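Asker: Kindly return the folded structure for what I paste below:
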Amino acid sequence: MLIAAAVCPCPPLLVPEVAAGAAPELDGLRAACSEAVRALAAARPDCLIVVGPADLAGRGKHAQGAAGSFRGFGVELDVRLAAPTAEGTSGGDAAGRGPSPELPPSPPTLPTSLAVGAWLLEHAGWDAAVPVEGLGVGEPLAAERCIEVGRELAGRAERVALLVMGDGTACRTLKAPGYLDERAAPFDAEVARALAAADTGALAALDEELAYELKAAGRAPMQVLAGAGEGARLKGELRYDEAPYGVGYFVASWLS
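Answerer: Modelled structure (predicted):
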């Protein structure tokens with residue numbers, strides 16, 4: 001059953017090394033994301049599933065410890081998805097002999113959204129003893145299938161948590177990646193309202209075609225959340241709702 005969820009955007013610029021000189025501009029967003037992830041940890045889930053948009057190569061499941069990289073964005077930075085140590089914990093073995101050896105390097109397989117999620121978990125000090133899995137969701141995935149996937153995820157364990165990575169529209173200003181579209185602000189406003197109210201029905205009802213036209217990359221992951229949250233009666237909190245660079249970014253918590 002879903003007992004907690006966090007929604008965070010997934011631009012590589014969230015990572016300070018990628019943002020470089022522009023890094024301070026998103027400090028408030030990073031802080032909100034860290035608070036949302038820490039709230040997930042405080043819910044004491046049995047497992048965490050990180051869900052984010054992915055192209056064909058990154059779709060499907062990604063195991064705990066899977067590698068991601070930001071080298072394609074000009075920085076020599078690699079991440080692991082809540083990488084477990086050799087002893088299965090993040091704090092050393094039972095005898096207190098210090099941290100276990102790091103896992104050997106492996107080629108990056110995580111899509112960018114999940115790599116950003118992995119960075120957020122590391123930045124927030126996620127306990128690697130809590131099992132973590134990644135799920136890359138294709139942008140064209142139909143709403144009905146997204147909802148089915150969410151229901152399946154919620155049934156994985158007695159206490160399931162989701163970290164949902166996804167942006168709003170990319171058409172909020174003239175300089176936005178998708179240029180200005182007057183439909184973008186109302187679309188994002190409805191998403192923000194649904195996240196604040198933990199309204200699974202509203203997320204499930206998001207228009208797939210409109211989301212595609214407005215370049216709302218988080219539509220499918222958020223509809224996975226809609227399926228997972230059915231009947232959970234969680235309470236929503238919107239922690240961030242802005243559109244820097246003309247892209248809608250939301251941070252939200254759904255908690256019991």
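
Asker: CA only for contacts and neighbour counts going forward, please
Answerer: OK.

Asker: can you pull out the strands in the stretch 101-250 of the chain?
Answerer: Counting by DSSP state E, counting those that start in this stretch, the stretch 101-250 of the chain has strands at residues 132-138, 160-165, 235-242, 249-255.

Asker: now those strands as TSV including mean pLDDT?
Answerer: Output for these, formatted as TSV (pLDDT from 0 to 100):
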stretch	mean pLDDT
strand 132-138	97
strand 160-165	98
strand 235-242	98
strand 249-255	98
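
Asker: Could I get those in a markdown table, plus columns for distance to residue 9 and mean neighbour count?
Answerer: Shown next, in a markdown table, are the strands of the stretch 101-250 of the chain (distance: least, Cα to Cα, whole Å; neighbours: other Cα atoms under 10 Å):
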| stretch | distance to residue 9 | mean neighbour count |
| --- | --- | --- |
| strand 132-138 | 14 | 24 |
| strand 160-165 | 5 | 27 |
| strand 235-242 | 10 | 18 |
| strand 249-255 | 6 | 26 |
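
Asker: among those, which is nearest residue 144?
Answerer: strand 132-138 (13.2 Å; Cα to Cα).

Asker: Now do the closest one and strand 160-165, the angle between them.
Answerer: Interaxial angle of strand 132-138 relative to strand 160-165 (axes from the mean of the first three to the mean of the last three Cα atoms, to 10 degrees): 50 degrees.

Asker: Within the sheet, what are the partner strands of strand 132-138, with directions?
Answerer: With DSSP bridges as the test, strand 132-138 is paired with strand 47-54 (parallel), strand 60-62 (antiparallel).

Asker: Assess the claim that residue 111 and residue 55 are in contact.
Answerer: Yes: counting by Cα atoms under 8 Å, residue 111 touches residue 55, with 7.4 Å between them.

Asker: So these two - more neighbours on which side?
Answerer: residue 111 (25 against 14; other Cα atoms under 10 Å).

Asker: what residues are up against the more buried one?
Answerer: The contact partners of residue 111, by Cα atoms under 8 Å, 6 or more residues apart in numbering, come to 53-55, 57-59, 68, 136.

Asker: Next, give phi and psi for it.
Answerer: Main-chain torsions, residue 111, degrees, to the nearest 10: phi -70, psi 160.

Asker: Quick check: chain neighbours aside, which residue is closest to residue 136?
Answerer: residue 59 (4.3 Å; Cα to Cα, 6 or more residues apart in numbering).

Asker: Correction: the previous question concerned residue 118.
Answerer: Per Cα to Cα, 6+ apart, closest to residue 118 is residue 81, 4.7 Å.

Asker: ok, the contacts of residue 111 vs residue 201, which is closest?
Answerer: Of these, the one sitting nearest to residue 201 (Cα to Cα) turns out to be residue 53, at 20.5 Å.

Asker: Let me see the contact set for the closest one.
Answerer: Counted by Cα under 8 Å, 6+ apart, residue 53 has contacts 59, 111, 113, 136-139, 165-166, 217-218, 220-221.

Asker: give me that answer again for 7 Å
Answerer: 113, 136-139, 166, 217-218, 221 (Cα atoms under 7 Å, 6 or more residues apart in numbering).
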